[in-house]
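Student: Structure of the sequence below:
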Amino acid sequence: MVYDCYLAICCPLTHSTHMSREAQVALVGICYTISLINALTHTVAVSVLEFCGPNVVNHFYCDLPPLFQLSCSSIHLNGQLMFVGATFMGVIPMILISVFYANVAAEVLRICSAEGRKKAFSTCSSHLTVDCIFYGTDYFSYMRLGSVSASDKGKGTGILNTILSPMLNPVIYSLRNPDVQGTLNRVLMGKTSLA
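Tutor: Numbers count the residues shown, from 1 in each chain. Alright, predicted model coming up:
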């Protein structure tokens, strides 16, 4: 999405060429391949762990850090794989997103009209907000290797990532719709008639 926004604002004349059907399929294929490799790596690494203690996961879904707590074998390799996976699937995309949005912001600030700047920023702001919520909660969930035993904090970030982020997605993206904005203004200003 950030690449599409970057092309639409910074390279509008070549947007359709760069975002062809083939490019879209390639981008989706790369994402699926990386995700599959990550999932397979963790599945194989967890399958060789020995579990000899309690079998109750101290979390509301079966995630890697709470699963590591149940293992009676060394989880050093698993922790390293989780850190590498989180770096590769979290930090690198966030850096790319930041670089693309820095270029978008620089281009938008060159737009002379205030209306043009507002439209360009509103196009990208919802995506950036959702990314910050998603990557922020993922960072706190997976990048704290030294505190794998802090399961109560993990539950809190798990709730943010599995409940709050998907719940806010439709709200954040629908606020760009002028009809939704008008209705929200009427409700907040106390005018309850929707006619």
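Student: Where does pLDDT dip in this structure?
Tutor: For the chain, the stretches flagged by pLDDT under 70 are 141-154, 191-195.
Student: which secondary structure elements does the longest helix seen in the chain contact?
Tutor: Longest helix in the chain by number of residues (criterion: DSSP state H): helix 114-142. In terms of contacts (3 or more Cβ pairs under 8 Å, 6 or more residues apart in numbering; DSSP states H and E), helix 114-142 is packed against helix 2-10, helix 64-70, helix 76-86, helix 92-109, helix 151-159, helix 165-174. C-beta coordinates here come from the backbone N, C-alpha and C atoms, glycine included.
Student: Would you mind saying which of those helices lies nearest residue 31?
Tutor: Nearest to residue 31, of all the helices and strands packed on helix 114-142, is helix 92-109, at 9.5 Å by Cβ to Cβ.
Student: Dump the closest one to CSV, keeping only the CA atoms.
Tutor: Output in CSV follows, covering the C-alpha atoms of helix 92-109 (Å, rounded to 0.1, in the frame of the first residue of the first chain):
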residue,chain,number,x,y,z
ILE,A,92,12.8,-3.9,7.5
PRO,A,93,9.3,-3.2,6.3
MET,A,94,8.9,-0.4,8.8
ILE,A,95,12.1,1.2,7.5
LEU,A,96,10.9,0.9,3.9
ILE,A,97,7.5,2.4,4.9
SER,A,98,9.3,5.3,6.7
VAL,A,99,11.5,6.0,3.7
PHE,A,100,8.6,5.9,1.2
TYR,A,101,6.5,8.1,3.5
ALA,A,102,9.3,10.6,3.9
ASN,A,103,9.5,10.9,0.1
VAL,A,104,5.7,11.3,0.0
ALA,A,105,5.7,13.9,2.7
ALA,A,106,8.5,15.9,0.9
GLU,A,107,6.5,15.7,-2.4
VAL,A,108,3.2,16.7,-0.7
LEU,A,109,4.9,19.7,0.9
